[in-house]
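**Student:** quick one: sequence plus predicted model below, questions after.
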Protein chains: 2
Amino acid sequence: MLGNFIYYNPTKLYFGTEVEKNLSDALKNFGKRVLLVYGGGSIKNNGIYDTVTKVLKETDKEIIELSGVMPNPTLTKLLEGIKVAKDNDVDLILAVGGGSTIDYSKGVAAGAWYDGNAWENFWVKQNEPAADQKVIPVGSVLTLAGTGSEMNGGSVITDEEHKLKLGKVFGERLIPKFAILNPEYTFSLPQNQMVAGIFDIMSHLMEQYFSGDDDSTTDYIIEGIMRSVIASSRVAVKDPHNYEARSNIMWCATWALNTLLKMGKKGDWMVHMIAHTIGAFTHATHGMALSAISGAYYRFIMKFGQHRFARFAKVVWEIPSDGKTESELAIAGIEALENWIKEIGAASNVSTLGVTSDMIDEIAEATILGGGYKQITIDDIKEILKNSLK
Amino acid sequence: MLGNFIYYNPTKLYFGTEVEKNLSDALKNFGKRVLLVYGGGSIKNNGIYDTVTKVLKETDKEIIELSGVMPNPTLTKLLEGIKVAKDNDVDLILAVGGGSTIDYSKGVAAGAWYDGNAWENFWVKQNEPAADQKVIPVGSVLTLAGTGSEMNGGSVITDEEHKLKLGKVFGERLIPKFAILNPEYTFSLPQNQMVAGIFDIMSHLMEQYFSGDDDSTTDYIIEGIMRSVIASSRVAVKDPHNYEARSNIMWCATWALNTLLKMGKKGDWMVHMIAHTIGAFTHATHGMALSAISGAYYRFIMKFGQHRFARFAKVVWEIPSDGKTESELAIAGIEALENWIKEIGAASNVSTLGVTSDMIDEIAEATILGGGYKQITIDDIKEILKNSLK
């Protein structure tokens, strides 16, 4: 816990099956005009749309609908939402969906009352809304566990024309005011979406864990949540309607990226950075892009943070250290990770996502550089991507 | 994570050494009249009083002082504080101290504008302040890590005349608005106070962990925080000025009891209940009363939750399970706990706290009953206390 930091996260989390009661309670604190944001319409088939609109009507809200938010929300779609929110002067944005829908809703919330180019200001220049700029409150009904967007300020938007996928982490004004978390709402997801979400959680945990080598409470909490995700994933892939497993996964997702686990940590977000570029080039599912490169990425940086990788093997994967050198133990941990990726059915190479060897240079050059145990170069990314091909 | 629950905790935590900057920022959100609450005056010797009053003056606050809050805050003292807060119509209560000072401040904050007997209403009848009753916001500058009072609604007050020590867990209106957490502020504590705080943390973790036998993310997080407390305690008892260890301990204390770790859990708070009664009879330091009975308590209930105790041994204490029966492993875990209690210098029996065998019946009969794996009776408490004598 070395270092100075501020932790503040006022999202009210309503967890469990009592959605109508919870949503009704949450809506009390907001005005009449609600922008209902959702994706491709699956919520109309599984009954979630009906439940949400029923509660909105019962609580006397006026509904303005904004649908068609895509898995990697685009700049064009963002501009459409900004116009709708402003034209209708909405009091609350209610995102019903997964991370893309919530990320998008934050973008609309920040941009609606900004006079100027919101993309340029918030995503390219990474500014915050000025203190005197109005920001629309956001709440969510979550249907997919993974991104953690329900309890943080993150918002990833893709400029499709320039193949630029940029994340912005907004400050406290844009952290959602509430989230309705019903594990049953994730039951109807296709298996590959569930698995992608599970790997997204694991990646958030690893990207915070694999940095630093001090003795920090944060790392011990991360290890606990990793162990829980792994245990529950093994149940959920065989029995997707297992409430206990799906509820653990949902709770892990929220806590993996709500800023608690970055307290006192530097982090190494290169797996997300490379996966974002892969996403911009191929429209690959985010979690699958992460899993496809993680084995190669961690093998590449392992020697720069070997001690932590050995701890990962021992604590998270329960690999006995007897007789192994630290390096052997560290490699065994990454092998356990790679085996788990295959076991749960996540992508284990980028070829299956549509990445070909002739795309590697372009993807590497378009990736935002960073690192943790090692500062990553464009050449490093090329090597990692080559090692991620089938 | 079975079960429905709501998590909401808006305390802003300012962690680290930049106290002046942090306190100045935190005070911006509150009015001019600040009730400065503290204990016996040690903050005047270690410079903390000077720092806090300097910031209060710089931010143009009017200071009303209320000192002399004792380790187990009394009803008489509570009534004094309620009068001072009301007479001065304060805008904020700033508690500078440990759990007793913060617990006390919440009591004053709830009681100041309650027309009637605050003790009877909040502690005896366990009511909440009515929605239209004014409640004074509380903030804190923490000088002792252990109770977690800085990020929860808990407030323990002792009716000294009737030897009645009662806890009240207030709802969200009385959760502190902010907490200034500087690990260095805990450096000047006497060693036994530090150790008592460490055991209080461990007890909060165990009292939530030893209930249920489902697969819950909460238990995995608890295990992580237990491992961190144990590791840091071993450094801190030898080197109390080790910033890394003390900062981990401070962070663990906050998260051990800020409601996160009760999500989806029933809990078993009997160790606290028995320790509260011991405290009312002997004025023993809270954390020492907890450690003095924990070995005997957990040995007593072990057979009713053996599977969880075996997991405790394996995950938290890293005891190899090879060749052991579940029962042997479970006992080995409790032995490890008992050894650690001695290792860090916490009380390992109640005799050293002034409890004698002729007090046992009276203590047992005054204890509020509850339980987890086993519903505890008065006779059970007598047996546990007998086993806790030297």
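**Tutor:** That came in fine, so what should we check first?

**Student:** in chain A, which residue is most central in space?
**Tutor:** A:T147 (2.2 Å; C-alpha atoms, centre = their mean).

**Student:** host element of it?
**Tutor:** Assigned by DSSP states H and E, A:T147 falls within no helix or strand.

**Student:** from B:E184, how far out is it?
**Tutor:** 37 Å (C-beta to C-beta, to the nearest Å). C-beta coordinates here come from the backbone N, C-alpha and C atoms, glycine included.

**Student:** give me the neighbour count for A:K61.
**Tutor:** Neighbour count for A:K61, taken as other C-beta atoms under 10 Å in any protein chain shown: 20.

**Student:** tell me the contacts of it?
**Tutor:** A:27, A:32-34 (C-beta atoms under 8 Å, 6 or more residues apart in numbering or on different chains).

**Student:** torsion angles phi and psi at it?
**Tutor:** The phi and psi torsions at A:K61 (degrees, to the nearest 10) take the values phi -90, psi 150.

**Student:** one step back: so which of the contacts of A:K61 are also by chain B?
**Tutor:** Subset of the contacts of A:K61 in contact with chain B: empty, counting by C-beta under 8 Å from any C-beta of the partner chain.

**Student:** quick one: which of those residues sit in helices?
**Tutor:** Cross-referencing these against helices under DSSP state H gives A:L27.

**Student:** now the residue of the stretch 201-350 of chain A found nearest chain B. Nearest residue, chain neighbours left out?
**Tutor:** Nearest residue of the stretch 201-350 of chain A to chain B, counting by C-beta to the nearest C-beta: A:G224, 3.1 Å away. Leaving aside its sequence neighbours, A:G224 sits nearest to B:G224 (C-beta to C-beta, 6 or more residues apart in numbering or on different chains; 3.1 Å).

**Student:** what about that neighbour, how many neighbours?
**Tutor:** By other C-beta under 10 Å, neighbour count at B:G224 equals 28.

**Student:** now could you export just the CA positions of stretch A:39-52 as PDB?
**Tutor:** Extracted as PDB, the C-alpha positions of stretch A:39-52 are listed here (Å, rounded to 0.1, in the frame of the first residue of the first chain):
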ATOM      1  CA  GLY A  39     -28.100  -2.700 -27.700                       C
ATOM      2  CA  GLY A  40     -29.400  -5.000 -30.500                       C
ATOM      3  CA  GLY A  41     -32.700  -5.800 -28.900                       C
ATOM      4  CA  SER A  42     -32.000  -9.100 -27.100                       C
ATOM      5  CA  ILE A  43     -33.500  -7.500 -24.000                       C
ATOM      6  CA  LYS A  44     -36.900  -7.600 -25.900                       C
ATOM      7  CA  ASN A  45     -36.700 -11.300 -26.300                       C
ATOM      8  CA  ASN A  46     -35.600 -12.200 -22.700                       C
ATOM      9  CA  GLY A  47     -38.200 -10.100 -20.900                       C
ATOM     10  CA  ILE A  48     -35.700  -7.600 -19.400                       C
ATOM     11  CA  TYR A  49     -37.000  -4.700 -21.600                       C
ATOM     12  CA  ASP A  50     -40.600  -5.400 -20.300                       C
ATOM     13  CA  THR A  51     -39.500  -5.400 -16.700                       C
ATOM     14  CA  VAL A  52     -37.500  -2.200 -17.000                       C
END
